[in-house]
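**Student:** with the sequence up front, the predicted model follows.
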Amino acid sequence: DAEITQSPRHKITETGRQVTLACHQTWNHNNMFWYRQDLGHGLRLIHYSYGVHDTNKGEVSDGYSVSRSNTEDLPLTLESAASSQTSVYFCASSPQGLSDTQYFGPGTRLTVL
Amino acid sequence: AQSVSQHNHHVILSEAASLELGCNYSYGGTVNLFWYVQYPGQHLQLLLKYFSGDPLVKGIKGFEAEFIKSKFSFNLRKPSVQWSDTAEYFCAANNAGNMLTFGGGTRLMVKP
């Protein structure tokens, strides 16, 4: 069955370190998204991609970057982790249009000490 | 800016009680609306969605939602909740060409 996976599921790191969170989908979806989930804020969009080599900034993109070298993967990099980036991160994908249903991964809980 | 509001942050119900979770959006024009659910320790799953047509939408697990355009609302309902409905519920919306915007979520606890 097609799915979307994230790794690691839990990560503890120190302030200032570079961290990369992986997202892999086997749906063959064009669109991929990264969100962070914080209490009281729901999910906020960090970056998104419409296809290979396409990336776009979302609502809360500062301190994060993504790259899309193939259809299946959209890794999220925290260039220099900050305590404010402690959060749960969700990756999602959708088939074609922006109105399509998004399918979510299991999430990565990141703690920055 | 486009926004989605969920006014109930925490809801506690007993089993068999009826549920209604509020959702309001600020978009004008054509809008697509979603309810997602996140069970403890799990990822978000789609409960139901509205794109067009019948404003009363049926979803999985006995949930339904009604789109009321005049009130900019898309409230989620279930006639009789179960303990297994304990979860966090997110309303989301977008219109053509725009990103999905999520509400802040409502945590539902159902007491057995």
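**Tutor:** Structure's in. What do you need? Numbering: from 1, shown residues only, chains lettered A, B, ... in the order given.
**Student:** other SSEs contacting the helix or strand bottoming out on mean pLDDT in chain B?
**Tutor:** Using mean pLDDT, DSSP states H and E, the weakest-scoring helix or strand in chain B turns out to be strand B:101-102, at a mean of 90. Packing partners of strand B:101-102 (3 or more CB pairs under 8 Å, 6 or more residues apart in numbering or on different chains; DSSP states H and E): strand A:42-49, strand B:87-94. The C-beta positions use only the backbone N, C-alpha and C, and glycine is treated the same way.
**Student:** chain B contacts on chain A?
**Tutor:** A:33, A:35, A:40-45, A:48, A:58, A:90, A:92, A:98-99, A:101-107 (CB under 8 Å from any CB of the partner chain).
**Student:** can you list the weak-confidence ranges in chain A?
**Tutor:** The model of chain A has pLDDT under 70 over residues A:97-99.
**Student:** circling back to that earlier point, which one of the helices and strands packed on strand B:101-102 lies nearest to B:Gln2?
**Tutor:** strand B:87-94 (7.4 Å; CB to CB).
**Student:** if we can go back for a sec, buried subset of the residues of chain A next to chain B?
**Tutor:** A:33, A:35, A:42-45, A:48, A:58, A:90, A:92, A:98-99, A:102-107 (16 or more other CB atoms under 10 Å in any protein chain shown).
**Student:** so which of these belong to strands?
**Tutor:** Counting by DSSP state E, those place A:Phe33, A:Tyr35, A:Gly42, A:Leu43, A:Arg44, A:Leu45, A:Tyr48, A:Phe90, A:Ala92, A:Tyr103, A:Phe104 in strands.
**Student:** now do the buried residues in stretch B:73-93.
**Tutor:** So, applying 16+ other CB under 10 Å, buried residues of stretch B:73-93: B:73-76, B:78, B:81, B:85-93.
**Student:** out of those, who's nearest chain A?
**Tutor:** B:Phe90 (5.9 Å; CB to the nearest CB).
**Student:** list the contacts of that closest one.
**Tutor:** A:Gly42, A:Leu43, B:Gln6, B:Trp35, B:Tyr36, B:Val37, B:Gln38, B:Leu44, B:Phe102, B:Gly103, B:Gly105, B:Thr106 (CB atoms under 8 Å, 6 or more residues apart in numbering or on different chains).
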